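S.K.: The sequence isn't on hand, but the structure is:
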C-alpha cells in the first residue's frame, strides 16, 4: 500500500495560499438603486404617451358622434349650399379616419387647430390666455385641501371612534359626495347674500381686472402674481377676496379625500411595531404621533395627489362656471354648448397632458420618498 494513501495518516498541508473570502462590493448598491429608479421613471414616462392618446381618441370620436358642428351652428340660419361650403372648408366632409389622422398629426406638430366660435383664435392662444386662471384656482384649492384635510385627518386618527372622529368622518363624506355646484350655491348664499362678506363671482373687481390685464409687465395671467407685481395692497386684497369662495368650493371636495387618507394611514401606522417600541420606551403620545407615525402616514397622500389633481381639474369646470371664473373650465363649458369641436378637443388634450405630467412628477417624488416603489 502506498504510504500516501494510508487512512491513519493526515494529508499533507497544501502550500498554496488560502483563498481570501470574497469582498462585499458595497459600491454597486447605489448604482443598482439609481438604475432601478431610472427604470421606474422611464416606464412612467413612456406610459404618458398611451394615456394621452387614449383620452384624445375617445374625445375625438365622442364629439363626432354628437353630429356635425357646422350644421348644429348654422342649421336654420344658412342655406344648404352655405353649410356644405363651410363643412368642406373645415374638412368635416372627409372620411372620419382621415380627420382623425390629420388631427393626431397636428397634435404632434403642436397645432391644435383654431376655435370656430371664439374669434378664430388658435387653441394655443386660448390655453395661454385662460390656462393661468385655472392654475391659480387649483393652487388656492390645494391650499384649502392641505390646510383642512391633513390636520382633521390627524385629529380623527388620534380620537379614533370618539365624537371628534365621527364628526370629522361625516364632514369628509358630506363634502366629498356633495355636488360642486351645490356647495358653490350654499357658500355664495351664506357668505355673499346673508353676510355680505365676500364677492359672488369673478376673479377680481372690474376696475382691478382691467388694470391687472393691461398695466402689469410681465403679464403672468395669474391675478395674485400680477397684483403683487403691481404693488398695490388693495388690489392684492381684492384678488384674495374673490379667490376665497371658489378655492373653498373646490378645496373642500379634495379635503374630504385627504381626511380619509390621513386618518386610515395614520391608524395603520400607529399599530406598527416601531411605534409600539417607542411607546414602550416612554415616548409621549404626542411625540409618537408627530415624529414616528405622521410622516410615514403622509406617503400614500403624496401618491394620491396626482389623481387628486385630475379630480380638481374636473371639478374646476363646475367651479369656474358657478363663480364665472374665466379659466379653461369656464370656456370648456362654453365650447361644449356651442359644439366647438376643435376647442373642446384642444382643451381636453391639454388637460390630459397636465394630468399625466403631474402624475409623473408625483410618482418621481414618491420614488424618492419611498424606495420600495422602485422595485
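M.R.: Cool, the structure landed. All values derive from a computational prediction rather than experimental measurement. Numbering: from 1, shown residues only.
S.K.: tell me the contacts of residue 63?
M.R.: Applying C-beta atoms under 8 Å, 6 or more residues apart in numbering to residue 63 gives the contacts 341, 344, 345. (Glycine included, C-beta is placed from N, CA and C.)
S.K.: So which elements touch the helix or strand where the last one lies?
M.R.: Assignment of secondary structure by DSSP states H and E places residue 345 within helix 341-369. Packing contacts for helix 341-369, counted by 3 or more C-beta pairs under 8 Å, 6 or more residues apart in numbering; DSSP states H and E, involve helix 28-65, helix 123-158, helix 299-323, helix 328-338.
S.K.: for the record, mean pLDDT for the second one?
M.R.: Regarding helix 123-158, the rounded mean pLDDT is 88.
S.K.: mind checking how far that helix is from the chain centre?
M.R.: Put simply, helix 123-158 sits 9 Å off its chain's centre (C-alpha atoms, centre = their mean, to the nearest Å).
S.K.: and after that helix, which helix or strand comes next?
M.R.: Toward the C-terminus, helix 123-158 is succeeded by helix 163-177 as the next helix or strand (DSSP H and E).
S.K.: List the buried residues of that following helix.
M.R.: Counting neighbours by 16 or more other C-beta atoms under 10 Å, one finds that the buried residues in helix 163-177 are 165, 168, 169, 171, 172, 175, 176.
S.K.: Once you drop chain neighbours, what's closest to the last one?
M.R.: Distance criterion C-beta to C-beta, 6 or more residues apart in numbering; nearest residue to residue 176, sequence neighbours excluded, is residue 256 at 3.3 Å.
S.K.: The one you found reaches residue 170, doesn't it?
M.R.: No: the pair residue 256 and residue 170 does not pass the contact test of C-beta atoms under 8 Å, sitting 10.4 Å apart.
S.K.: Overlap of the contact sets of the two?
M.R.: With C-beta under 8 Å, 6+ apart as the test, residue 256 and residue 170 reach no residue in common.
S.K.: Same question for the helix holding residue 345: list its buried residues.
M.R.: Within helix 341-369, the residues that count as buried by 16+ other C-beta under 10 Å are 341-356, 358-360, 362-363, 366-367.
S.K.: which of the buried residues of helix 163-177 lies closest to residue 276?
M.R.: Closest to residue 276 out of those is residue 165 (21.1 Å), distances taken as C-beta to C-beta.
S.K.: show me the contacts for that closest one.
M.R.: Contacts of residue 165 by C-beta under 8 Å, 6+ apart are 156, 157, 159, 263.
S.K.: again, but for residue 113
M.R.: Taking C-beta under 8 Å, 6+ apart, we find residue 113 in contact with 103, 106, 122, 123, 342, 345, 346.
S.K.: got it, and residue 257?
M.R.: Shown in contact with residue 257 (C-beta under 8 Å, 6+ apart): 145, 149, 172, 176, 304, 308, 311.
S.K.: picking that back up, I'd like to know which of the buried residues of helix 163-177 is nearest to residue 191.
M.R.: residue 175 (15.9 Å).
S.K.: right, and that closest one touches residue 258 too?
M.R.: No: taking contacts as C-beta under 8 Å, residue 175 lies outside contact range of residue 258: 10.8 Å.
S.K.: Confidence-wise, which of the contacts of residue 257 comes last?
M.R.: Lowest pLDDT within those is found at residue 304 (70).
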